[in-house]
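>>> everything below, folded, please.
(one chain, ligands or ions: 1)
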Amino acid sequence: MNVASGGFFRARGIGTLALLLTVVLPVQTHAQSSETTAIVYPEASTIDHLPTLAPTTRFVDHALSPPPTASIQAGRGIFNIDAFLQICPQDDLTYVAIRTDFTIRRNGTIVDAIPCKAPIFTAMGSADITDELLVAQTLRVIYYLDRDHPGSLPWTPNTFYDWLKGQIGGINIDDTATTSFCCTVIGGRRYIHTRAQTFGPPFPVSFLMGIPFISGRIALYGHEARHVDGFPHSSCCGVTNGCDGKYDVTNLSPYGMQYWIFAAFLDGTFDVGIACLDSKRQDEFAGDMARAANLYPSLFCSSPPPALLPVRLPPTQCGRRRAVRH
Ligand SMILES: [Zn+2]
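Coordinates of the predicted model:
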């Protein structure tokens, strides 16, 4: 199952999902968890949600406009996500800190330099994209995500980045895993295993390294890192180990985290500069985030969250970030 085959994006019925379950068994309860003890929760393939996001070349029109360099160097957040994602992680001043805070491994081996060429959407081909680059770029977005308005997450008083850093020590790209899962321990640090992807045509770089895919990774990390606190899945919705009990924003479960994260992009809680882009791009973004969020209500046994409409952010949202602080 990989991106290139299109299988990653194929809508699946519940019966199919049940056949795609991971065989990982729980070896430790969260009550006994520690940084040096493995915790593994069974996962269904429903965690890798992005099946309705069709690949397009739509982001190319927005390439490098406006130039994002100033906002990155000031460490003040993301003013234009499409431009931001064209910068290579190693060209960002935060990169050394990110690589120190999170160890990136592939099949257990520490990843060294990660090849990247900017501007990513045009200087790289889709076959040049790697899981390592995707991980680094996802962590870079997380670094800035809510840094200028901490306290907006219902599950922690910390920023997303600092919360994630407290939950895990890194990401291990796993070439043999059939789904992503949490967590195992390597060298005394807890790792999320992410199922390796195969990149390449027909998916354009602007999709693979654009916000639909990156937001999906952020939601996935949120899901898996939440498991550090427990939250084993149920099968009540008809997907074995692919359901959560109820949606409770005061106590978000792993699937609740994924819904909440997409909703936060949609309603501007995670402000990535969308309201300042042209109306066509705003509509695309709203559609992508709403479709992604709406994959989750059916995975709850009771009290599901509401389906979301692809509503554009109000014009007043543009520039709001600049008024926050600094
Ligand atoms: Zn899970």
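
>>> Gly166 contacts Thr159, correct?
No: with contacts defined as CB atoms under 8 Å, Gly166 does not count as touching Thr159, sitting 10.6 Å away. C-beta coordinates here come from the backbone N, C-alpha and C atoms, glycine included.

>>> okay, those two: which has more neighbours?
The neighbour count for Gly166 versus Thr159, taken as other CB atoms under 10 Å, is higher for Thr159 (21 against 12).

>>> backbone phi and psi for that one, please?
phi -70, psi 160 (degrees, to the nearest 10).

>>> now swap in Val185 and tell me
phi -120, psi 130.

>>> how about Pro254?
According to degrees, to the nearest 10, Pro254 has phi -60, psi -50.

>>> and the gap between the closest residue to Pro89 other than its chain neighbours and the ion?
Spatial nearest neighbour of Pro89, chain neighbours left out: Ala136 (4.1 Å); criterion: CB to CB, 6 or more residues apart in numbering. Separation of Ala136 from the ion (CB to the ion, to the nearest Å) stands at 23 Å.

>>> lowest confidence element among the helices and strands of this protein?
helix 14-19 (a mean of 30; mean pLDDT, DSSP states H and E).

>>> in this structure, which spans are helices?
Along the chain, counting by DSSP state H, helices occupy 14-19, 69-74, 81-84, 95-101, 120-123, 131-145, 160-167, 205-208, 211-226, 254-267, 279-293.

>>> quick check: mean pLDDT of the fifth one?
It stands for helix 120-123. The pLDDT scores in helix 120-123 average 92.

>>> check the last one too.
Here helix 279-293 scores 91 as its mean pLDDT.

>>> ok, and the closest non-adjacent residue to the residue in the chain that the ion sits nearest to?
Closest approach between the chain and the ion, counting by CB to the ion: Pro254, at 4.2 Å. Nearest residue to Pro254, sequence neighbours excluded (CB to CB, 6+ apart): His223, at 4.1 Å.

>>> same deal with Gln282?
Arg312 (4.8 Å).

>>> show me what contacts that neighbour?
Residues in contact with Arg312 (CB atoms under 8 Å, 6 or more residues apart in numbering) are 275, 279, 282-283, 286.

>>> for it, give me the pLDDT.
Note for Arg312: predicted pLDDT of 92.

>>> check Gly188 too.
For Gly188, the pLDDT comes out at 91.

>>> need the residues of the stretch 1-150 of the chain near the ion, please.
Glu43 (CB under 5 Å from the ion).

>>> in the stretch 1-150 of the chain, where is pLDDT below threshold?
For the stretch 1-150 of the chain, residues meeting the criterion pLDDT under 70 lie at 1-39, 47-76.

>>> what do you get if the cut-off is 50, keeping everything else the same?
1-35, 51-71, 73-74 (pLDDT under 50).

>>> repeat for the stretch 201-326 of the chain
Scanning the stretch 201-326 of the chain for pLDDT under 50 picks out the ranges 322-326.

>>> at 70 instead, please
For the stretch 201-326 of the chain, the stretches flagged by pLDDT under 70 are 320-326.
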